[in-house]
Each structure stands twice: as C-alpha cells, then as structure tokens.
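Student: Structure of the sequence below:
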Amino acid sequence: MKNKHKLLSYLKSQRLMSISTCSDKPWICTVYYTIDDSFNLYFITEPETRHTHDIGKNSLVACSIADTHQKVTDKKIGVQISGRAKIIEQEEAIVRSLNLWNATNPGFEHIINLENMKKKAIKGKVFQITPTYIKFFNEELFGPEGFR
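Tutor: Purely as a prediction, here's the structure:
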C-alpha cells in the first residue's frame, strides 16, 4: 500500500478499537489497543469475557477503529480490519506486548505487567490480532468516500 506509513501513523494515534467476534451469535466490544510496526494489534482482556470465549471457538474477528471526535461535517477517516485473534502465551512476547500496550496507554504500568499476571493479581490476558485485510478510508487522502 502506497500510504502504509500514513495508515500506521493513524492507527498509532488512536486508542479504542471495536472487535466483532462470533461463535454461535455475533458479538461486539470495545477495547484499548496498541499496534506494532508490522500492523499486529494487541489488547488485554479477562478470560471470562464473551469475546474471549468466542475467539477460543472461532479466531476470525473484525475490527473498526475511528476517531470518535470526528464531526459529521469533517473529512472521514477510519479503519476496518478482518483477521485472526489469538492469546499470547510465550513470556517474551507477553512482555513485548505489555511494554507496547503500556507505552500507548500509560498510567497502569504498576498494575498491568507480567509480574501481576503471574501472581494472578490481574486476570487479563494479552491477545494479538493479525490482520488479513485492512480497509483504510480517508477522505482527505483518497477523496469523498475514498478508501484503499
């Protein structure tokens, strides 16, 4: 994609992502996320949530990211993603993901960390979404109703 760096920059500027899952019925939730330079998305969630159970049965997910401060008169910008979600289990990958997540979402480093996960002081687990398709709509770059 020609505007890959603009897409990555936009995704790094946002904090909230809606995730749609489906096992027997569709479900959607909103999570705080972070992203690496390879476009993998990371979020932390508790094991008993409906979306965690859904991902355990069907790893296919859809996501939507948009600036919630956009006015209806603004040039629209946002991202729609489909991909596969998985729980991260390797300790080194968990640490890398948590460092990235805490850098993006500062303020809870003393709570959201590997030590607290190991002690079960927090129940949250780290998930990774690997996109298989990304639709970047950006009217400023691509014109009205424009996307790539």
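Student: which residues touch Phe127?
Tutor: 42-45, 52, 55, 85-88 (CB atoms under 8 Å, 6 or more residues apart in numbering). For every residue, glycine as well, the C-beta is placed using N, CA and C.
Student: Would you mark the buried spots in the longest strand along the chain?
Tutor: In the chain, assigned by DSSP state E, the strand with the most residues is strand 125-138. If you call a residue buried by 16 or more other CB atoms under 10 Å, then strand 125-138 has these buried ones: 125-129, 131, 134, 136-138.
Student: quick one: which of these is nearest Cys29?
Tutor: Nearest to Cys29 out of these is Phe127 (CB to CB; 11.7 Å).
Student: could you pull out the strands for this structure?
Tutor: Under DSSP E, the chain gives strands at 16-22, 26-35, 41-45, 60-66, 77-87, 125-138.
Student: related to what we said a few turns ago, the buried residues of strand 125-138 into a markdown table, with extra columns for pLDDT and distance to Leu100?
Tutor: Listed next are those as a markdown table, based on pLDDT from 0 to 100; distance: CB to CB, whole Å:
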| residue | pLDDT | distance to Leu100 |
| --- | --- | --- |
| Lys125 | 95 | 15 |
| Val126 | 97 | 10 |
| Phe127 | 98 | 13 |
| Gln128 | 98 | 11 |
| Ile129 | 98 | 13 |
| Pro131 | 98 | 16 |
| Ile134 | 95 | 19 |
| Phe136 | 92 | 21 |
| Phe137 | 88 | 25 |
| Asn138 | 84 | 24 |
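Student: If you rank every helix and strand of this protein by mean pLDDT, what lands last?
Tutor: Sorting the helices and strands of the chain by mean pLDDT, DSSP states H and E puts helix 139-142 at the bottom, at a mean of 84.
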